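K.L.:
Build me a model from this:
(chains A and B)
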Amino acid sequence: MVSLNELVLVCLTYVVGLFAIAFLAERAALRGRGGWLLRSPVVYTLSLSIYCTAWTFYGAVGYAARSGLEYLTIYLGPSIVMIGWWWVLRRLVRIGRSQRVTSIADLISSRYGKSNTLAIVVTVMAVIGVTPYIALQLQSVILSLAIFATPDAGLAGAGDAPFNRAQAAFWVATGLALFTVLFGTRNLNVNERHHGVVIAVAVEAVVKLVALIAVGVFVVWGLAGGVGDTLQRIDASAIGEWEVKGSRWAALMFVSAAAFLCLPRMFQVMVVENNDDRHLQIASWAFPLYLMLMSLFVVPIAVVGLDLLPAGSNPDLFVLSLPLSQGQNGLAMLSFLGGFSSATSMVIVATLALSTMVSNHIVMPIWLNLRRGGATQSGDVRSVVILARRLSILLIIALGFSYYRVSGGSGALAAIGTISFGGVAQFLPALLGGMFWRGATRMGALCGLGVGFVLWVFTMLLPSFGMDVALSQSTFEQGLLGAGWLRPQALFGVEGLDPTVHAVVWSLSLNTLVFFVVSLFTFPDPIERLQGAQFVNVLDHGGSARGWTASVAGSEDLMIMAQRILGAAEAQAFFRQEAKAQGRSGNLPEPTPTFVQELERELAGSVGAATAHAMVGQIVGGTSVSVQDLLAVADESAQMLEYSSQLEAKSRELSETAEELRRANEKLTQLSLQKDSFLSQISHELRTPMTSIRSFSEILRDAAKLSEADKTRYASIIHSETIRLTRLLDDLLDLSVLENGQGNLHIGEGALQDVLDRAVTTALTGSENPITVTRAGVQEDIMIRTDLDRLVQVFINLITNAKKYCRADAPALTILVGRRSDGITVDFVDNGEGIPADAQAVIFEKFYRATGAEGDGAGLGLAICREIMHRLDGEISYLTSYDGAAFRVYLPASALASAQTDQSELTQPA
Amino acid sequence: MPQRRMFLERRSYRMRRMMDALRFLPLIGLCLWMVPLLWPLPEAGHTDPMPMSVALKYLFGVWLALVVMAWALWRYTRGQAEADAAQGPSDRAP
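P.N.:
Presented below is the predicted three-dimensional model:
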């Protein structure tokens, strides 16, 4: 049998060993060595195992002995959360890192506009919720010590003759407080990472796992005789049947999953101490494996314990009493150390997390308030923060100790644990709502938390003390103040539910409902909205909240404050680094919003977001959110819309440009084609007379005997061809001059009649086949003012064409003059066959010639006419309404000289 | 807006589906662990209660299977999660 003294000695040795490990780890971290171990996924996973406290180590067996497999719910819930890391934990860890969150209270307050009220509420709730849990750890250590102290009576869980439990509890509490103070508050560090504590916790995780498995192996193979026999024994035992109520199964699994996320100590190791997403990925399977191994041997130990140990033994201590009863002192010692490890690691981390919350959110704000305007004073605040934190640690452990003393160490471990879980699970709606829903507001969170907390106290915490302790029996039976619908275990008259399920369902559902509804109807302030957007979109961008319009902030003031919190050397280094980043040579950076934001983050790592915000606010002044920030929050969506509409406009512009280019290209191609055909026609036109000139001149040169008549004939052919060539060239020149808009118009005034006279006379001169020209003399009595010579040219052309192409037996041309409001028209109508419909569109093109026409024209006449009329602001067109060919020349009203008779006199001489 | 490709090459496609599996795994676990809700309870008057050993084997079997699958998925997708995270919310795209 191990004596109590031996046990204490072993215990002390173990603790000293832990101290040494923690100390070495701290030193290594300070020197920047050993990072591979301190920041390894194994250590991360093992540190998560503080989820398994003494409640697991001792309580799970007791739980199994009392209620069968229900104990598994406590481990299945967290397993699902871990396996589903991708959904929630990944976000949580990312938010924790990007916002430099120091605790769950910090996270919630930070999300809801860095509200300190909310931080205080969460802190108080957490302290109240976790205190029973700390008491539970003390209780389990004391119980296990008591078993060694009074081996015979201990099995029955009674007897304190040689062992003063109160005293022992006191010393255990003191020892725990000492360890926590020593390693938890040594440094006030960025992000609250505690390497020493984490390593110690990891070592303890291994110890408790090894211890529990060792006991399990001993029980299964040493006592029960193998796996098959154990299973048979299990089926034959009092807990041999499945008897867990469905509602409890589901509710407990849910609560444990919620608590896994919300417990301050879990938040500490899982989020605050995390520095790499990959660790989370590995823990996603490694931690469920750990939990599985921890709970694997629980049922066998419970069953064998029920079998072998005398009736009335405390099943919570089977893990210890089974080896002891079998004389396995070494194993019992190991088991004790495992339980001790579970208890101590939980107390240390939980206390640390809670003390950070208490000092950051309660003590520091009060202290700052008492010394309002004091943020710029000199002096190191760090000592104040550390002192506050140490006092908080002592306070929290003292609370746990008093709870233990008051509750008299009674009650099954499992029941106490469940109550604690129910309490912290109340954070869940505010936490998840804040992470996934931008509409969640501070008011909503406050109201939800308040309602949930009150219901939890009323339906779970107070009834747990038993009848007539906190709540009177009449309250249980008739309800609060006699209101029947306010019975703590049958709220709103809903009876018949299991008390735990009842409490969980009512508190969490009303909590969520109130949180949601109040959020819907309240409006968040700008910082809240900014933070909300950052939390919800944390995976999209690592961007940070810019909160300060810092132009008023003096860098010196900020420096003084930073020195007090971060320490002089660290603060100066930080400022120097920032100045360098800004490209400034001195030690003081420009107080840009980015810099102040960065500084606030840095401070938040030491004193929490709300306090840091308040302190920076004291210096920087009112502040807060600039219009740009709001715009940024308000809508990524609006930005995207704007962006896409810009793109749309650009693409529209592009397609328009492309269309224009296409049109220009078409035009160019057309022009090029026209040019080509023009050239080929020109060369053809030139070539024909040249060919005849050449051939006839060759005949004249080479043929010796030519009659005089022939000579004359050939020479006159050559002559007429050259004339034709000259005319062609003249026409071309004329056309090109007209087309290019070159050449001056010789504006003159004259009677239309005279113009027509000139044209007819010229056109009909020397004519072989005469054409009768009919004119209407009276109508022609109009004075016009235009380039008369050009107009004559047009008329001559038209008359010549009629003469040339009119195939009638007695060719006749009628010239009709009409007056319109917008000008005058002169129609030339002959009695021929007219121009075929398909040719009408092209008669004004260059080189067009009517089919079958004698070839002395170059086909440029009408083209020239069109150009001339164009220059004269008039037009020439083909009239389809007559049988014969009919052309209309139109002159605009501006060409009428009658309106300007006074001017006409002046210009007449010209 | 940069146009995202509609189809991926085989390897990235497989990777995406593995990430889907990763996301789906907790749901499977939850469903399997809720199966005990269907088991008969002795107090409801059932004559054929579920033996403890079977319940133990089932629950731990599911647990082990989940751990193994989570491990296998981690082996397959490690590195992918960070890449996805860096890429932004596009990993949610079907």
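
K.L.:
now the strands: where do they sit in the chain?
P.N.:
You didn't say which chain, so I picked chain A. Assigned by DSSP state E, chain A shows strands spanning A:486-487, A:490-491, A:747-751, A:772-775, A:783-787, A:812-820, A:823-830, A:875-878, A:886-892.

K.L.:
so which of those strands gets nearest chain B?
P.N.:
Chain B lies closest to strand A:490-491 among the strands of chain A, at 20.2 Å (CB to the nearest CB). To be clear about C-beta, it is placed using only N, CA and C from the backbone, and glycine gets the same treatment.

K.L.:
Counting neighbours, what do you get for A:R694?
P.N.:
By other CB atoms under 10 Å in any protein chain shown, the residues close to A:R694 number 12.

K.L.:
Can you tell me which of the strands of chain A is most buried?
P.N.:
Mean neighbours per residue, mean count of other CB atoms under 10 Å in any protein chain shown, is largest over the strands of chain A for strand A:823-830, with a mean of 22.

K.L.:
In CSV, list the C-alpha atoms belonging to that one.
P.N.:
C-alpha atoms of strand A:823-830 as CSV (Å, rounded to 0.1, in the frame of the first residue of the first chain):
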residue,chain,number,x,y,z
GLY,A,823,-36.2,75.9,-106.1
ILE,A,824,-36.6,75.2,-109.8
THR,A,825,-36.5,72.1,-111.9
VAL,A,826,-35.6,71.6,-115.5
ASP,A,827,-36.7,68.3,-117.0
PHE,A,828,-35.3,66.9,-120.3
VAL,A,829,-37.7,64.3,-121.6
ASP,A,830,-37.2,62.5,-125.0
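
K.L.:
That strand to strand A:886-892, inter-axis angle?
P.N.:
Strand A:823-830 runs at 170 degrees relative to strand A:886-892, counting by axes from the mean of the first three to the mean of the last three CA atoms, to 10 degrees.

K.L.:
Including distance to chain B, could the strands of chain A go into CSV?
P.N.:
Shown next, in CSV, are these (distance: least, CB to the nearest CB, whole Å):
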stretch, distance to chain B
strand A:486-487, 24
strand A:490-491, 20
strand A:747-751, 63
strand A:772-775, 74
strand A:783-787, 63
strand A:812-820, 60
strand A:823-830, 59
strand A:875-878, 53
strand A:886-892, 56
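
K.L.:
which helix of chain A spans the most residues?
P.N.:
Of all the segments of type helix in chain A, defined by DSSP state H, the longest one is helix A:636-702.

K.L.:
how about the strands in chain B?
P.N.:
Going by DSSP E, chain B shows no strands.

K.L.:
contacting residues around the residue of chain B found nearest chain A?
P.N.:
Proximity of chain B to chain A (CB to the nearest CB) peaks at B:P26, 3.0 Å away. Listed by CB atoms under 8 Å, 6 or more residues apart in numbering or on different chains, the contact partners of B:P26 are A:80-81, A:83-84, A:87.

K.L.:
how close does the nearest residue to A:Q232 once chain neighbours are set aside sit to A:V298?
P.N.:
Setting aside the residues directly before and after it, A:Q232 is nearest to B:S53 in space (CB to CB, 6 or more residues apart in numbering or on different chains), at 7.6 Å. For B:S53, the distance to A:V298 equals 14 Å [CB to CB, to the nearest Å].

K.L.:
now swap in A:A238 and tell me
P.N.:
A:A238 sits 15 Å away from A:V298, going by CB to CB.

K.L.:
what does A:S695 give?
P.N.:
In this view, A:S695 and A:V298 are 125 Å apart by CB to CB.

K.L.:
Contacts only, for the residue nearest to A:Q232.
P.N.:
Counting by CB under 8 Å, 6+ apart, the residues that B:S53 touches are A:231-232, A:234-235.

K.L.:
what do you get if the cut-off is 6 Å, keeping everything else the same?
P.N.:
Counting by CB atoms under 6 Å, 6 or more residues apart in numbering or on different chains, B:S53 touches A:231, A:234-235.

K.L.:
Now pLDDT, distance to chain B and neighbour count too, for the contacts of B:P26, in TSV please.
P.N.:
Below are the contacts of B:P26 laid out as TSV (pLDDT from 0 to 100; distance: CB to the nearest CB, whole Å; neighbours: other CB atoms under 10 Å in any protein chain shown):
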residue	pLDDT	distance to chain B	neighbour count
A:I80	93	5	22
A:V81	93	8	24
A:I83	91	5	26
A:G84	90	3	22
A:W87	89	7	15
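
K.L.:
Number of residues surrounding the residue nearest to B:W33 when sequence neighbours are not counted?
P.N.:
Among residues not flanking B:W33 along the chain, A:L76 sits closest, at 5.4 Å (CB to CB, 6+ apart). Counted with other CB under 10 Å, residues neighbouring A:L76 total 26.
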